[in-house]
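**Q** from the sequence below, what's the structure:
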Amino acid sequence: MPTQFSHRSRLPLTLLLAALPWLAVAPARPADPFYAGLLESGARALARGDHAEAARHLRIACFGLLEEPPLLAEGLARLAVARIALGDADGFTDAARRLLEVEALFDGYSASELDAAERRAFEQALLDHLPAAELEASPTFAPRVAEREASRLAALPPRERRLELESGLARAPGDAALLLQLAELELADGRTRQAVDWLDRLLAAEPENAKARCLRGAATVDGNRCAEAVADLELCAAGTVGTEVAVARLDCLVKLRRWEGAAAVLAELPAATRAATRGARLATRVERETVRLAPRTDGEAVEVGTPPPAVGTTPAATPTAAAGSGLPEPGAADRTELEAVTGRLNAVPEATEIPALLARARALAERRPDWPEAQFLAAQLAYHATAWDEAVRFFERGGEPGDERPALLFYWAVALHESGRPQAAAVALERALPGIEPSEFVRGWAERIRHSADDGAP
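**A** Next up, the predicted model:
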C-alpha cells in the first residue's frame with residue numbers, strides 16, 4: 001500500500017528534497033524485512049540499555065527505511081536517544097534534525113507507532129539538547145517548548161516570575177499564554193483588578209478564549225459585574241471552579257434572580273458548603289424561589305404561593321373568614337399586618353429575618369384562627385423556619401390549600417413528610433406537582449416523599 005503523505009511543511013517541496021539527499025523519492029513500497037528487523041532489534045537493544053548496539057542497528061535501519069516516513073521517524077527517534085545516552089552530541093543533533101525534517105514534510109513522527117515512554121524520552125532529549133528556536137519552528141514540537149517554559153516560570157518566586165512575564169510581553173505584546181500566566185499570578189496574589197486588566201486585554205483580541213473568560217469570571221464574580229461573570233463562568237471546564245467561586249457564582253445568580261441556574265449550582269455544592277452561613281442563606285432563598293413560579297396555561301410564568309390579588313380574600317375552596325364563627329371580619333389593622341408580613345416574605349428575606357416574621361405571622365394566626373390567609377402565611381413561615389409540626393397545624397387550621405395554590409400544597413407536603421405523615425404528604429405532593437416548575441429542588445423532595453410513602457415510613 002502506498003504511504004499517504006501530507007503537505008504541511010512551510011517550505012517548498014523542492015527545497016526540502018534538496019535538503020534531504022538521503023531521502024529517496026521512488027514510489028513507496030512495503031519496508032524491506034531486513035531493515036524492519038534491524039529496527040526491531042535496535043528497539044530491543046535500547047530497551048535493555050545497550051545503547052551502542054541500538055545505535056549500530058538503528059543507523060543501518062534508517063538508511064533502508066527512507067520510503068517509509070513513519071518507520072523512519074521511529075528509527076531516528078530511537079537513534080537520537082541512543083546517541084545522547086552514549087554522549088554523542090553531534091550524532092544526536094544529526095538524527096534529531098533529520099527527524100524534524102521528516103515530520104515537517106511527511107508527518108512521519110506524528111504517524112509513527114512510538115509508545116508514550118519512547119516519545120517522552122525523545123522529546124525530553126530534544127528540549128535538553130536542541131535550541132528552542134529550532135523546535136518553535138515546528139507545529140508539532142513548539143507546544144513542548146511552551147510547556148517547558150511555563151513550568152520554568154511557575155517555579156520562580158512571584159516577583160521574578162512577574163518580571164520575566166512582563167519582559168516577555170514587552171517583546172510579544174499579544175502573546176495569549178503570557179497574558180494568561182500574568183493574570184493567574186495576579187489572582188494568586190489577590191490582585192484582582194490587575195488580573196482583570198490582563199484578561200480584558202487578551203479577550204479584546206480573542207473574545208472566545210474559554211480559559212481567559214473562566215478566569216475573568218472567577219475574578220469578577222464577587223464584584224459588581226455579576227451578569228458578565230456568570231456568562232464567563234459558564235465556559236469553565238467541569239471541576240475547575242473552586243468552592244469559593246461556586247458560592248460567589250450562586251450569589252450572583254440569586255442577585256440576578258436566575259433561579260433555575262441557581263438551583264443547578266446549588267445542587268453541585270458540597271453538603272458542608274451548603275450548611276455554612278453564606279451557603280445556607282443562599283440555599284434558603286433558592287429553595288424558596290423554586291416553588292414560587294408555576295407555568296400558567298398560556299405558558300407564561302406567574303407567582304404562586306402568595307395571597308390572591310385582594311390580600312385576605314379567601315379562595316372559594318377554603319372556609320371564609322368568620323363564617324359561622326360569630327367573629328367579625330378581619331379589621332384594617334389585621335389586613336395591614338398581613339400585607340406587611342406577606343410583602344416582606346415575597347421580597348425573599350434573609351434567613352436571619354425568618355424567626356421575627358414567623359413570630360408576627362404566628363401572633364396574627366392565633367389572634368384570627370378563623371382567617372385562612374393568616375393561617376397560610378404562618379404556615380409558610382413555619383415551613384421556612386423548618387418548624388414542621390407548627391406548619392402542619394397552621395395549614396390544617398386554614399382548611400387545606402386548594403389545587404389552584406400549588407406552592408402552598410408543596411410546602412404542606414414537605415411539612416407533612418417531615419412531621420412523620422408520609423402517606424398524607426404523598427397525596428398533597430401529587431396535587432402540587434402539576435402546577436410547579438420541576439426544578440432539582442422539587443424533584444429531590446418528590447423522590448424523598450414518594451420513597452417514604454412507598455416504605456410506609458417517614
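**Q** got a list of what Arg397 touches?
**A** Contacts here follow C-beta atoms under 8 Å, 6 or more residues apart in numbering; on that basis Arg397 touches 365, 369, 375. (C-beta placed from N, C-alpha, C; glycine too.)
**Q** run the last query once more with 7 Å
**A** By C-beta atoms under 7 Å, 6 or more residues apart in numbering, the contact set of Arg397 is 369, 375.
**Q** next, count neighbours for Glu339.
**A** As a burial measure, Glu339 scores 13 neighbours (other C-beta atoms under 10 Å).
**Q** which strands or helices does the strand or helix carrying it pack on?
**A** In this assignment (DSSP states H and E), Glu339 forms part of helix 332-346. Judged by 3 or more C-beta pairs under 7 Å, 6 or more residues apart in numbering; DSSP states H and E, the packing partners of helix 332-346 are helix 354-367, helix 372-384.
**Q** can you put those in TSV and add distance to Gly399, mean pLDDT and mean neighbour count?
**A** Output for the helices and strands packed on helix 332-346, formatted as TSV (distance: least, C-beta to C-beta, whole Å; pLDDT from 0 to 100; neighbours: other C-beta atoms under 10 Å):
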stretch	distance to Gly399	mean pLDDT	mean neighbour count
helix 354-367	13	90	18
helix 372-384	5	91	27
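**Q** turn the ones you listed into JSON lines, columns for distance to Ser110.
**A** As requested, the helices and strands packed on helix 332-346 are exported to JSON lines (distance: least, C-beta to C-beta, whole Å):
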{"stretch": "helix 354-367", "distance to Ser110": "63"}
{"stretch": "helix 372-384", "distance to Ser110": "61"}
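**Q** out of the ones you listed, which gets nearest to Tyr109?
**A** helix 372-384 (64.5 Å; C-beta to C-beta).
**Q** could I get the CA-only coordinates of the helix holding Glu339 as CSV?
**A** Taking C-alpha atoms only, helix 332-346 is exported to CSV below (Å, rounded to 0.1, in the frame of the first residue of the first chain):
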residue,chain,number,x,y,z
ALA,A,332,-57.9,47.2,58.9
ALA,A,333,-55.1,46.6,61.4
ASP,A,334,-55.1,42.8,60.8
ARG,A,335,-55.2,43.3,57.0
THR,A,336,-52.3,45.8,57.2
GLU,A,337,-50.2,43.4,59.2
LEU,A,338,-50.9,40.5,56.8
GLU,A,339,-49.9,42.7,53.9
ALA,A,340,-46.7,43.8,55.6
VAL,A,341,-45.5,40.3,56.5
THR,A,342,-46.6,38.9,53.2
GLY,A,343,-44.7,41.7,51.3
ARG,A,344,-41.6,41.0,53.3
LEU,A,345,-41.8,37.3,52.6
ASN,A,346,-42.4,37.9,48.9
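**Q** so what's the gap between it and the chain middle?
**A** 42 Å (C-alpha atoms, centre = their mean, to the nearest Å).
**Q** now do stretch 204-212
**A** So, by C-alpha atoms, centre = their mean, the centroid of stretch 204-212 is 17 Å from its chain's centroid.
**Q** okay, how far is it across that stretch, tip to tip?
**A** 11 Å (C-alpha to C-alpha, to the nearest Å).
**Q** what does that stretch contact?
**A** If you take C-beta under 7 Å, 6+ apart as the criterion, stretch 204-212 is touched by 174, 176, 180, 199, 202-203, 235.
**Q** how about it: buried residues?
**A** If you call a residue buried by 16 or more other C-beta atoms under 10 Å, then stretch 204-212 has these buried ones: 209, 211-212.
**Q** which of those residues lies closest to Arg162?
**A** Of all these, Arg162 sits closest to Ala212, with 18.2 Å by C-beta to C-beta.
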